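In: here are the coordinates; sequence isn't available:
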């Protein structure tokens, strides 16, 4: 009798659990479906809005999407023998674009190292300023490069320097945040050891922290360098030197200089892919070792 | 030396050699970096920059971004005096209304008080500027040119004078006299007409007065509640164009949203074809991987240029450029995430008799959702910034307004307004994506 009763309650209990589970699954599915519906609605209405507010419509545009690449290819095909010479002609601009990226990455990374150390709990020279430094990094990260570049072009005139400063400032913000996340994982034991022999803050950071985190720093900086090459090409297009500027000139000239457009496209594409591969190769090596 | 010492000695030598190598390396890196900077210093012509830099532009920019000027203008050809904020037609004071520091006396004469007891009298064709500590400067515009009378023989450096144009710049303001017009400019702090233009009945009212009007005041404009009228006047402000600016900001956000989400939706199914554990055929896998590399390598700049020919200016070009580039990035990242899924979970689902599609839905997707969502959210934030830049290239969104305002070279208060809005938008997106990502990570830890 007793056993039977216990079996009954046990069965009821299982049924309750089952019902509750089914209820939860149903509710989860409902939420999922609702989220999906909202998302789809957002995408559809967003797309229609974008379509309305654009000069050309999507339906028209998609049918002539190959017109421009076709024109470029045709003209480049006719003058294919000139392409190597054009690539040589634009190589100095390409070098300038790469130099902008390299110099801004170096400058930005150096400033980011100092600021990230100042923004990390346990390492900061002035713990009270941690919040200030962090907000500063946030701000540097938030301002798009183009804003700084355009303002600086107005003051300094065209050329590579405005782009370099703009990208470097953004790099400080972006790398500073990543570096300080790396710093948080650094062991504090070498610091204690250094402090016990009377090392100054700079010496403690240089000898105690940097050797621990250098591979990670380098890996992030390589990734940033790759991003900055793209950024420096884009900034050239809005008026700062480098290959982007040549691209803008050739592009706005229109037909007749599409062979130049093709040559620049090729150079840019090759450069981006090359540095993309190089940086991912070395990043894998660095993180693999660490 | 015995035989047993030899390995230790060798190790000792090796250690010393390593130290030497490391020391050399540590010393060489700063030298190389320094040498590179020296090269860049001359390659970028930094020494020549000092000559080309326009510090006066910088001064205008800084002053203009937090202050505004009001022009009092006398037309020297047809007569008549008007006052206008920034000298713009949209900021003109209506008939019978003038700034309190301008005293009109008749049709064609006015006294303009500038700060620090400076006083300018416009009397028909003649302008008299009483500069404290210097004396009375008189300039008369007539058909032959500008006649300038100064209290001293020498022209001071804050006055530039020619037959066609006289320009006086003091701490208190600026006066220019040409044959066409006499213009007095007075600077003031702030962004004037930010909320209401001069033709609005709410112009010049304090916040308290406005609240009072909105809550229980008599209707200022019949047929419309005061609150609606206030909001309408701010929204349709012709000087600052809040309506257009917010629409542009929204367009930028739209570009980022459509591009990022569209890319994620395209990349997710295709990523399966590029992942080792789902596509055993190496040819297919490699083909899709190279396609992702191509999409990423072409870069948003080239996509934007190519697409802008087909879709013209507007958010569509930007959305599609972001979509194409990020399909490449997401495809690569998603396929890497897919290669790291735990096969045991898929087997578990399979053992219950699930069909292939259900296996993906219940065995794979739950494993990668947190990683995917967090990457998508990160890109959404970063693409808000890219969309500003793409907008500047192709012409759309806040990027277009920003470049337009910078090209005019005088609307710096608008430039700073747009910069503030852009930074707020990016910080907001950063905050939203950060909050959701943190939640995802926490949920991942719990389950």
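Out: Yep, it's here. Predicted model only: the values in this text are computed from it and were never measured. Numbering: from 1, shown residues only, chains lettered A, B, ... in the order given.
In: hmm, residue B:178 is touching residue B:139, no?
Out: No: using C-beta atoms under 8 Å, residue B:178 is not in contact with residue B:139; the gap is 9.9 Å. In this view, the C-beta of every residue, glycine as well, is placed from N, C-alpha and C.
In: quick one: which of those two has more around it?
Out: residue B:139 (23 against 17; other C-beta atoms under 10 Å in any protein chain shown).
In: and the longest helix seen in chain B, how far out from the chain middle?
Out: If you go by DSSP state H, chain B has its longest helix at helix B:5-43. When C-alpha coordinates are averaged (C-alpha atoms, centre = their mean, to the nearest Å), helix B:5-43 and its chain have centres 44 Å apart.
In: again with stretch B:362-371
Out: On the basis of C-alpha atoms, centre = their mean, stretch B:362-371 sits 37 Å off its chain's mean C-alpha point.
In: and stretch B:301-312, by the same measure?
Out: Worked out by C-alpha atoms, centre = their mean, stretch B:301-312 lies 22 Å from the chain centre.
In: and the longest helix of chain B with chain A, contact?
Out: Yes: contact of helix B:5-43 with chain A is found when judged by C-beta under 8 Å from any C-beta of the partner chain, involving B:33, B:36-37, B:40, B:43.
In: now the buried members of those.
Out: Buried members of the residues of helix B:5-43 next to chain A, scored by 16 or more other C-beta atoms under 10 Å in any protein chain shown, are B:40, B:43.
In: on that earlier part again, for the longest helix of chain B, list every residue counted as buried.
Out: In helix B:5-43, counting by 16+ other C-beta under 10 Å, buried: B:40, B:43.
In: give the next helix or strand downstream of that helix.
Out: helix B:46-52 (DSSP states H and E).
In: hmm, who's touching that next one?
Out: A:156-157, A:159, A:161, B:41 (C-beta atoms under 8 Å, 6 or more residues apart in numbering or on different chains).
In: the residue in the stretch 101-250 of chain B positioned nearest to chain A: neighbour count?
Out: Closest residue of the stretch 101-250 of chain B to chain A, C-beta to the nearest C-beta: residue B:247 (8.0 Å). Applying other C-beta under 10 Å, we find 16 residues neighbouring residue B:247.
In: and the residue of chain B that's closest to chain A?
Out: residue B:314 (2.8 Å).
In: ok, that residue touching residue A:53?
Out: Yes: using C-beta under 8 Å, residue B:314 makes contact with residue A:53 at a distance of 5.5 Å.
In: give me the common contacts of these two.
Out: Between them, residue B:314 and residue A:53 share the contacting residues B:251, B:396, judged by C-beta under 8 Å, 6+ apart.
In: that older thread, give me the buried entries from the contacts of helix B:46-52.
Out: A:156-157, A:159, A:161.
In: what pLDDT does residue B:258 get?
Out: With respect to pLDDT, residue B:258 has a value of 93.
In: ok, back up a step: pLDDT and distance to residue A:184 added to the residues of helix B:5-43 next to chain A, as a markdown table?
Out: As requested, those are arranged in a markdown table below (pLDDT from 0 to 100; distance: C-beta to C-beta, whole Å):
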| residue | pLDDT | distance to residue A:184 |
| --- | --- | --- |
| B:33 | 91 | 26 |
| B:36 | 92 | 30 |
| B:37 | 91 | 30 |
| B:40 | 89 | 33 |
| B:43 | 86 | 38 |
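In: show me where the stretch 51-200 of chain B has its helices.
Out: With helices called from DSSP state H, counting those that start in this stretch, the stretch 51-200 of chain B shows them at B:55-66.
In: which positions in it make contact with chain A?
Out: So far as C-beta under 8 Å from any C-beta goes, the stretch 51-200 of chain B lies against chain A at B:52-55, B:57-58, B:61.
In: looking at the residues you listed, which has the most residues close by?
Out: Neighbour max across those (other C-beta under 10 Å) = residue B:61, 19 neighbours.
In: how near is it to residue A:216?
Out: Distance from residue B:61 to residue A:216, counting by C-beta to C-beta, to the nearest Å: 39 Å.
In: so what's the closest residue to chain B within the stretch 51-200 of chain A up against?
Out: For the stretch 51-200 of chain A, the residue closest to chain B is residue A:54, as judged by C-beta to the nearest C-beta, at 2.8 Å. By C-beta under 8 Å, 6+ apart, the residues touching residue A:54 are B:311-317, B:396.
In: try it again at 10 Å.
Out: Counting by C-beta atoms under 10 Å, 6 or more residues apart in numbering or on different chains, residue A:54 makes contact with A:61, B:251, B:311-319, B:394, B:396.
In: same check on residue A:98?
Out: A:225, A:228-229, A:232-233, A:242-243, A:271, A:275.
In: does it belong to a helix or a strand, and which?
Out: helix A:83-118.
In: what's the next helix or strand after that helix packed up against?
Out: Sequence-wise, the next helix or strand downstream of helix A:83-118 (DSSP H and E) is helix A:130-142. Helices and strands touching helix A:130-142, by 3 or more C-beta pairs under 10 Å, 6 or more residues apart in numbering or on different chains; DSSP states H and E, are helix A:83-118, helix A:160-184, helix B:365-394, helix B:412-446.
In: and the spatially most central residue of chain A, how close does it get to residue A:220?
Out: Centroid-nearest residue in chain A: residue A:227, 5.7 Å away (criterion: C-alpha atoms, centre = their mean). Distance of residue A:227 to residue A:220, given as C-beta to C-beta: 11 Å.
In: joint contacts of these two?
Out: Counting by C-beta under 10 Å, 6+ apart, the residues touching both residue A:227 and residue A:220 are residue A:174.
In: follow-up on the earlier one: out of the buried ones among the contacts of helix B:46-52, who's nearest residue B:242?
Out: residue A:156 (31.6 Å; C-beta to C-beta).
In: where does the stretch 51-200 of chain B have low pLDDT?
Out: Within the stretch 51-200 of chain B, no stretch has pLDDT under 70.
In: strands along that one, start to end?
Out: Ranges of strands in the stretch 51-200 of chain B, per DSSP state E, counting those that start in this stretch, are B:67-75, B:81-85, B:102-104, B:109-114, B:118-123, B:126-131, B:135-142, B:145-149, B:159-161, B:165-169, B:173-178, B:181-189.
In: separation between the residue of the stretch 101-250 of chain B closest to chain A and residue A:183?
Out: For residue B:247, the distance to residue A:183 (C-beta to C-beta) stands at 42 Å.
In: and residue B:339, by the same measure?
Out: According to C-beta to C-beta, residue B:339 stands 30 Å off from residue A:183.
In: check contacts around the residue of chain B closest to chain A.
Out: A:50-57, A:61, B:251, B:255, B:308, B:391, B:394-397, B:400.
In: again, only using 8 Å
Out: Neighbours of residue B:314 in contact, by C-beta under 8 Å, 6+ apart: A:50, A:53-56, B:251, B:394-396.
In: ok, residue B:180 next?
Out: Per C-beta under 8 Å, 6+ apart, neighbours of residue B:180: B:75-77.
In: filter these to the buried ones?
Out: residue B:76.
In: can you redo the contacts of residue B:180 as TSV with distance to residue A:281?
Out: Compiled in TSV, these are given as follows (distance: C-beta to C-beta, whole Å):
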residue	distance to residue A:281
B:75	70
B:76	71
B:77	72
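In: grab the nearest non-local neighbour of residue 159.
Out: Answering for chain A, as no chain was given. Using C-beta to C-beta, 6 or more residues apart in numbering or on different chains and skipping residues adjacent in sequence, the residue nearest residue A:159 is residue A:241, 5.0 Å away.
In: wrong chain, I was asking about chain B
Out: residue B:168 (5.1 Å).
In: go on, residue B:266?
Out: residue B:327 (5.0 Å).
In: the one you found: neighbour count?
Out: Other residues near residue B:327 come to 23 when the count uses other C-beta under 10 Å.
In: residue B:380 and residue B:258 touch, don't they?
Out: No: with contact defined as C-beta under 8 Å, residue B:380 and residue B:258 do not form a contacting pair (10.6 Å).
In: I appreciate the help and will end here.
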